[in-house]
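In: task: produce atomic coordinates for the following.
(chains A and B)
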Amino acid sequence: DQQVKQNSPSLSVQEGRISILNCDYTNSMFDYFLWYKKYPAEGPTFLISISSIKDKNEDGRFTVFLNKSAKHLSLHIVPSQPGDSAVYFCAAENTGGFKTIFGAGTRLFVKA
Amino acid sequence: ETGVTQSPTHLIKTRGQQVTLRCSSQSGHNTVSWYQQALGQGPQFIFQYYREEENGRGNFPPRFSGLQFPNYSSELNVNALELDDSALYLCASSLRREFINEQFFGPGTRLTVL
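Out: Next up is the predicted model:
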């Protein structure tokens, strides 16, 4: 039972344009959401997070939007850069719990 | 400040054997979690250790076991290896705080079971 779903295995975007990566979740107990980025031969690195009490969190070129009623979140990257090419994982947690649930990831290609 | 390190980088074992993977946490972190990442999948939570005690476990059989040492380094042991255990094994350390759990991942150990 996949509690966190990333339905797009890959996404290709032109440099300078917006990248939008989507994520859906099924467990209403999740109250904290994170995005991790992974380059080949490296572990995932934390990118940005959002608490369920917010609907938007912004950090430079990266913005995460949360729609709790739809159980949906998205990561916007503006403007996209070739160095952003990586696999992006959406993850969810229940505050005070111990387990982080990851989606299957979306591979982003940013073309120069 | 050193990051999370894992050893070995790659490992090849045969079915039925046992394997031990090692992880050194980031300095100051007292929590370590282990994940299994199969090809094309996201990391799947195996278990977490906090101050040398198992703090939670995912849906993995008992042949997956772990240890955390006083210096907060950690081991993952897998007995009676099966072909499906072939995966990238990631460890992640964190400074456990009440409201966030930003984790710092190591580069992983690639295990191949033949």
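In: distance of A:Ser97 from B:Ser86?
Out: I think there's a mix-up here, since residue A:97 is Gly and not Ser. 29 Å (Cβ to Cβ, to the nearest Å). C-beta: built from backbone N, CA, C; applies to glycine.
In: now do the contacts for residue 66.
Out: Looking at chain A here, since you left the chain open. A:Phe33, A:Ile50, A:Ser52, A:Lys54, A:Asp55, A:Lys56, A:His72, A:Leu73 (Cβ atoms under 8 Å, 6 or more residues apart in numbering or on different chains).
In: correction: the question concerned chain B.
Out: Taking Cβ under 8 Å, 6+ apart, we find B:Gly66 in contact with B:Trp34, B:Ile46, B:Phe47, B:Tyr49, B:Glu54, B:Ser74, B:Glu75, B:Leu76, B:Asn77.
In: check A:Pro9 too.
Out: Residues in contact with A:Pro9, defined by Cβ under 8 Å, 6+ apart, are A:Ala104, A:Gly105, A:Thr106, A:Arg107, B:Gly40.
In: for the last one, which non-adjacent residue is closest in space?
Out: Closest residue in space to B:Gly40, ignoring its immediate chain neighbours: A:Ala104 at 6.9 Å, by Cβ to Cβ, 6 or more residues apart in numbering or on different chains.
In: and the residue most central in space within chain B, what are its bridge partners?
Out: In chain B, the residue lying closest to the centroid (Cα atoms, centre = their mean) is B:Trp34, at 2.9 Å. B:Trp34 has these beta-bridge partners by DSSP bridges: B:Phe47, B:Cys91.
In: and the residue nearest to B:Gly40, how many neighbours does it have?
Out: Burial measure for A:Ala104: 20 neighbouring residues, criterion other Cβ atoms under 10 Å in any protein chain shown.
In: that one reaches B:Gly42, doesn't it?
Out: Yes. Here A:Ala104 reaches B:Gly42: they are 4.8 Å apart, a contact under Cβ atoms under 8 Å.
In: quick one on the thing from earlier: quick one: the residue nearest to B:Gly40 from B:Val78, how far?
Out: From A:Ala104 over to B:Val78 the distance is 23 Å, taken as Cβ to Cβ.
In: so which residues of chain B form helices?
Out: Here chain B has no helices by DSSP state H.
In: so the residue nearest to B:Gly40 is in which element?
Out: Using DSSP states H and E, A:Ala104 sits in no helix or strand.
In: list the contacts for it?
Out: A:Gln2, A:Lys5, A:Gln6, A:Pro9, B:Gly40, B:Gln41, B:Gly42.
In: any idea how far it is from A:Glu15?
Out: For A:Ala104 relative to A:Glu15 (Cβ to Cβ), the value is 26 Å.
In: mind putting the contacts of A:Ala104 into TSV with distance to A:Ser85 and pLDDT?
Out: Listed next are the contacts of A:Ala104 as TSV, based on distance: Cβ to Cβ, whole Å; pLDDT from 0 to 100:
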residue	distance to A:Ser85	pLDDT
A:Gln2	25	79
A:Lys5	22	96
A:Gln6	16	97
A:Pro9	15	95
B:Gly40	18	89
B:Gln41	20	92
B:Gly42	18	94
